[in-house]
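Enquirer: Need a 3D model of the sequence below.
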Amino acid sequence: MDPSGRVCLVTGAAGGLGRAFCRALIAAGAKVVASDIDEKNGEKFAAELRKEFGEGTAIFVKADVTSSESLEEAFKAAKSTFGRLDILVNNAGILQEDGWQKAVDINVKGTVHGVLLALKHMGKAAGGDPGLVVNLSSIAGLHPTPHVPIYCATKHAVAGLSRSYGAVMHLENTGVSVVALCPGAADTPLTHNSAFNYQHPYLKPYIDQILKSIPICKPEFMAEALLRVIREAKSGSVWLADDGLIEEVVYPPNLQ
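Expert: You can find the predicted model right below:
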């Protein structure tokens, strides 16, 4: 899907990747509904976008992805402001091993809310124009990640949800494609603060060591990956973006 002329809703828009995503989408010709639970920083960011790209390019809507009713307000605002909604970037997420219930609520429950609302407000349910959902999984959603096992589990859930809702039986009936983007470690607060959110004390030295040894990608690179996924990805596909590499994940034939 060409993002030019499209209306995009980005959750978690006030954070590191969300900000980069919004800027890249507007630069590619889209209009953006920036949504986040952080109203102060979200409003400030939307104002920055309008100053940078022009009036009418972005609005902010406060929403809590753990509440379907709250998140739906962002969907409604997209339609009332811009007259349509074409793309959802389900970006809101946290890395929190201690107090893991919140991670499950945001990363899994929040993503499910986004997908179900997209099927309600986009595609055939909204008049027939194709819709697209990009769910943010993680490189931790592709293989075991022992130092952050709960985060790993939530991101595997996002990848599985995307592959399943992206299947032909859903696409043909809804007109909404669903894909997953799996970023590696990015230069954002989520990555740098992760050492403070471990569940088991014995994991701290492992986390510290890992953060020193893995590549840390710029948010702008992840935004480039998002645009490529929007333009090229087929429904149900999962894409990896890490250390300069952007490519579709190829699953073994028995796991297709």
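Enquirer: What are the boundaries of the strands in the stretch 101-250 of the chain?
Expert: Taking DSSP state E, counting those that start in this stretch, the strands of the stretch 101-250 of the chain run over residues 131-136, 176-183, 238-242, 245-248.
Enquirer: how about the first one as CSV, C-alpha atoms only?
Expert: Listed in CSV are the C-alpha atoms of strand 131-136, where the atom choice follows Å, rounded to 0.1, in the frame of the first residue of the first chain:
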residue,chain,number,x,y,z
GLY,A,131,-7.1,-1.4,5.1
LEU,A,132,-3.8,-2.4,6.7
VAL,A,133,-2.7,-3.2,10.2
VAL,A,134,1.0,-3.3,11.1
ASN,A,135,1.5,-4.9,14.5
LEU,A,136,4.8,-4.2,16.3
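Enquirer: What pairs with that strand, parallel or antiparallel?
Expert: strand 87-90 (parallel), strand 176-183 (parallel) (DSSP bridges).
Enquirer: so how far is Gly236 from Val133?
Expert: Taking CB to CB, to the nearest Å as the measure, Val133 falls 11 Å from Gly236. In short, each C-beta sits where N, CA and C put it, glycine included.
Enquirer: Could you check which of those two has the larger neighbour count?
Expert: Val133 (27 against 19; other CB atoms under 10 Å).
Enquirer: partner residues bridging the more buried one?
Expert: Beta-bridge partners, per DSSP bridges, of Val133: Leu88, Val178.
Enquirer: in terms of contact, does it touch Asp86 like I think?
Expert: No. Proximity of Val133 to Asp86 does not meet the contact threshold set by CB atoms under 8 Å, at 10.4 Å.
Enquirer: got any residues that touch both of the two?
Expert: Met122 (CB atoms under 8 Å, 6 or more residues apart in numbering).
Enquirer: Between the strands of the stretch 101-250 of the chain, which one is closest to Ala20.
Expert: Closest approach to Ala20 among those (CB to CB): strand 176-183, 10.6 Å.
Enquirer: Find out how far that closest one is from the centre of the chain, if you would.
Expert: Mean-position distance between strand 176-183 and its chain equals 8 Å (CA atoms, centre = their mean, to the nearest Å).
Enquirer: Just the angle for it relative to strand 238-242, thanks.
Expert: 30 degrees (axes from the mean of the first three to the mean of the last three CA atoms, to 10 degrees).
Enquirer: What separation is there between Leu181 and Pro149?
Expert: Taking CB to CB, one finds Leu181 at 22 Å from Pro149.
Enquirer: For those two, work out which one has more neighbours and name it.
Expert: Leu181 (30 against 16).
Enquirer: Go ahead and confirm the more buried one touches Leu132.
Expert: No. Leu181 sits out of contact with Leu132 when judged by CB under 8 Å, with a separation of 11.7 Å.
Enquirer: For stretch 208-220, measure first residue to last.
Expert: Distance between the boundary residues of stretch 208-220 (CA to CA, to the nearest Å) amounts to 24 Å.
Enquirer: mind checking which of the strands paired with strand 131-136 is nearest Ala140?
Expert: Of all the strands paired with strand 131-136, strand 176-183 comes closest under CB to CB, at 8.1 Å.
Enquirer: any idea how far Leu85 is from the nearest residue to Gly175 once chain neighbours are set aside?
Expert: Ranked by CB to CB, 6 or more residues apart in numbering and with sequence neighbours excluded, the top spatial neighbour of Gly175 is Gly123, at 3.3 Å. Separation of Gly123 from Leu85 (CB to CB): 10 Å.
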